[in-house]
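In: Show me the folded form of this:
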Amino acid sequence: MVRAALLTLLCACLPHGISAQGAPRLSLTLAGATEAEDACRLSFLAENGLGSDLDALVVEAVIFTRAGAVERLLLLDFRDLPAGKPRVRQFDLAGLRCEALGQILINGVETCEGGDEAACADALETGSRVDGTEVTG
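Out: Model prediction:
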């Protein structure tokens with residue numbers, strides 16, 4: 001009985017809004033890099049854990065070679081991202097062989113429709129499942 005009362009009191013003192021999932025997150029993970037004609041095709045797994053649908057997400061990315069040189073700067077349009085539903089988005093980097101790809105730097109959030117751009121940027125998490133290619137941001 002005393003334990004139940006203490007547990008109830010403890011729960012009442014916790015701030016509202018704490019969830020089992022933790023802080024909101026917007027995850028972009030490089031899941032594949034394959035040759036496609038005259039391009040390196042990047043496959044990203046995008047997961048919107050912000051709690052609301054995004055109508056559009058565009059990020060600025062910098063592509064580095066394995067030697068560390070900037071190969072190009074581009075905008076990646078992830079289109080709409082429903083909350084809680086993973087999506088795969090593909091991007092072709094024309095004229096680049098995947099073996100030359102070294103790192104992808106997500107330089108910032110260009111567009112975040114349906115959400116606050118600053119909140120999207122703060123919640124951004126990056127990762128890579130492709131050996132030899134790091135994604136940072």
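
In: can I get the CA coordinates of stretch 126-135 in CSV?
Out: Extracted C-alpha coordinates of stretch 126-135, given in CSV (Å, rounded to 0.1, in the frame of the first residue of the first chain):
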residue,chain,number,x,y,z
THR,A,126,22.4,10.5,-39.4
GLY,A,127,23.9,7.1,-39.9
SER,A,128,25.2,4.7,-42.5
ARG,A,129,25.0,0.9,-43.1
VAL,A,130,27.3,1.2,-46.1
ASP,A,131,30.9,0.1,-45.3
GLY,A,132,33.4,2.8,-46.0
THR,A,133,30.9,5.6,-46.3
GLU,A,134,30.1,7.8,-43.3
VAL,A,135,27.1,10.0,-43.0
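
In: Relative to the whole chain's centre, how far out is that stretch?
Out: Centroid separation between stretch 126-135 and its chain, computed with CA atoms, centre = their mean, to the nearest Å, is 12 Å.

In: swap in stretch 99-118?
Out: For stretch 99-118, the distance to the chain centre is 8 Å (CA atoms, centre = their mean).

In: Provide the contact partners of that stretch at residue level.
Out: Residues from elsewhere that reach stretch 99-118 (CB atoms under 8 Å, 6 or more residues apart in numbering): 28, 30, 33, 40, 42, 50, 52-68, 71, 73, 75, 93, 119-121, 124, 126, 128, 132-137. Quick note: C-beta positions are derived from backbone N, CA and C, even for glycine.

In: so the most centrally placed residue in the chain is in which element?
Out: By CA atoms, centre = their mean, the mean C-alpha position of the chain lies nearest to residue 28, the distance being 2.2 Å. For residue 28, the element it lies in under DSSP states H and E is strand 25-36.

In: Does the helix or strand that that strand is followed by pack against any helices or strands, and if so which?
Out: The C-terminal neighbour of strand 25-36 among helices and strands, as given by DSSP H and E, is strand 39-49. If contacts are counted by 3 or more CB pairs under 8 Å, 6 or more residues apart in numbering; DSSP states H and E, strand 39-49 sits against strand 25-36, strand 70-81, strand 87-94.

In: Which pLDDT does the model give residue 22?
Out: Looking at residue 22, its pLDDT is 73.

In: cool, the one 10 residues further on as well?
Out: The predicted local distance difference test score for residue 32 is 98.
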